[in-house]
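>>> With the input below, show me the fold.
(one chain, ligands or ions: 2)
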Amino acid sequence: FTHLFLWCWGLSPGPCVSKSGGTRQSPINIQRRDSVYDPHLQPLRVSYDPASCRCIWNTGYFFQVEFDDSQTALSFTGISGGPLENHYRLRQFHFHWGAVDERGSEHTVDGHTYPAELHLVHWNAAKYPAYEEAVLGEKGLAVLAMCLTDTRAPGSCSQDRRAAMGPFNPSCLLPACQDYWTYSGSLTTPPLAESVTWIIQKQPVEVAASQVSAFRELLFSPLGEEEEFMVDNCRPRQPLMGRRVRSSFR
Ligand SMILES: CCCCNCc1ccc(S(N)(=O)=O)cc1
Ligand SMILES: [Zn+2]
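Ligands and ions are numbered 1, 2, ... in the order given. Predicted coordinates for the structure are as follows:
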């Protein structure tokens, strides 16, 4: 996890700082004045089935809540519309956060950082047979991202600890406002695959300070090893490389 720890500071010698030859890496800074309104962008259609929520686990990079994304999942659990040509199925969501409120989000807006950022990860089930293929394939993933802000208002969990989750509808995490930016990018952790259509909500989500503080009690380290608190699991911003960021709003 030392490598991981260095990764967070973009210092690791590995591929984590910039995927060699990467031309569409994430995250990026969204400069509002440079984003282009695209009237052809559809509204996002988001629908999640709380019964498909399965478990929460500490992956060593962050903790993630996983959903049943198998064919048998009767309901439409995922997103379509927006910039997407297909329906993408929800696989998991997770967060990135800082050691202090001044940093933590991966994307920034006009250079402004937030204490944390939520990523809802969906995969293109119309084009790929399974998530693992979609992660590495063209138009494989769609990540719906939103920044957590105004952290006004909750046991240590070490790497790989897992717990069952009851029904949970991630829609409750979504802001009321539908406006978003979208651009073509990558995963922000290894394998840094350039397979992601990013959809970033314009309106940040307000959470209690106690919630982001609770994140900071999680651990990067496996049970029984020296405790390293899981903080600053946010990748440095990457060069835009000429990419255009489109907005769904004027
Ligand atoms: C095949 C195993 C892939 C596991 N991990 C994928 C992954 C990594 C980062 C993000 S993020 N932070 O760009 O949303 C999403 C999904
Ligand atoms: Zn993420």
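>>> and the nearest residue to His107 once chain neighbours are set aside, what is it in contact with?
Leaving aside its sequence neighbours, His107 sits nearest to Pro27 (CB to CB, 6 or more residues apart in numbering; 4.5 Å). For the C-beta atoms, the positions are set from N, CA and C on the backbone; glycine is no exception. For Pro27, the contact set (CB atoms under 8 Å, 6 or more residues apart in numbering) comprises 106-108, 185, 188, 234-235, 237-238.
>>> Throw the residues you listed into a markdown table and include pLDDT, thanks.
Listed next are the contacts of Pro27 as a markdown table, based on pLDDT from 0 to 100:
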| residue | pLDDT |
| --- | --- |
| Glu106 | 98 |
| His107 | 98 |
| Thr108 | 98 |
| Gly185 | 98 |
| Thr188 | 97 |
| Cys234 | 95 |
| Arg235 | 96 |
| Arg237 | 97 |
| Gln238 | 98 |
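>>> What residues does this protein have near ligand 1?
Counting by CB under 6 Å from any ligand atom, the chain comes close to ligand 1 at 119, 121, 132, 135, 143, 187-189.
>>> returning to what we had before: may I see the contacts of Pro27 organised as CSV, with distance to Cys55 added?
Converted to CSV, the contacts of Pro27 look like this (distance: CB to CB, whole Å):
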residue, distance to Cys55
Glu106, 24
His107, 27
Thr108, 31
Gly185, 27
Thr188, 22
Cys234, 24
Arg235, 25
Arg237, 31
Gln238, 31
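>>> Now do Val121 against Gln42, distance only.
Separation of Val121 from Gln42 (CB to CB, to the nearest Å) stands at 21 Å.
>>> Looking at those two, which one has more neighbours?
Val121 (25 against 11; other CB atoms under 10 Å).
>>> Which neighbouring elements make contact with the strand or helix carrying that one?
Per DSSP states H and E, Val121 falls inside strand 116-124. On a contact count with 3 or more CB pairs under 8 Å, 6 or more residues apart in numbering; DSSP states H and E, strand 116-124 meets strand 78-81, strand 88-97, helix 131-136, strand 141-149.
>>> In the third one, which residues are buried?
Neighbour-count burial for helix 131-136, counted by 16 or more other CB atoms under 10 Å, picks out 131, 134-135.
>>> Ok, the second one next?
By neighbour count with 16+ other CB under 10 Å, strand 88-97 contains the buried residues 88-97.
>>> I'd like to know which elements that strand is packed against.
Judged by 3+ CB pairs under 8 Å, 6+ apart, strand 88-97 is in contact with strand 63-67, strand 78-81, strand 116-124, strand 141-149, helix 209-215.
>>> Now the residue nearest to Ala176 when sequence neighbours are not counted, what are its backbone angles?
Distance criterion CB to CB, 6+ apart; nearest residue to Ala176, sequence neighbours excluded, is Gln203 at 7.1 Å. With angles defined as degrees, to the nearest 10, Gln203 sits at phi -80, psi 120.
>>> what about Gln203, how many neighbours?
By other CB under 10 Å, the residues close to Gln203 number 15.
>>> What distance do you get for it to Cys147?
9 Å.
>>> Do you know the pLDDT at the residue positioned nearest the centre of the chain?
The residue lying closest to the centre of the chain (CA atoms, centre = their mean) is His119, at 2.3 Å. We have a pLDDT of 97 for His119.
>>> ditto for the one 10 residues further on
Per-residue pLDDT puts Pro129 at 94.
>>> Please tell me how far His87 sits from ligand 1.
Plainly put, His87 is 18 Å away from ligand 1 if you go by CB to the nearest ligand atom, to the nearest Å.
>>> Just to check, that residue is in contact with Ala125?
Yes. His87 is within contact range of Ala125, at 6.8 Å (criterion: CB atoms under 8 Å).
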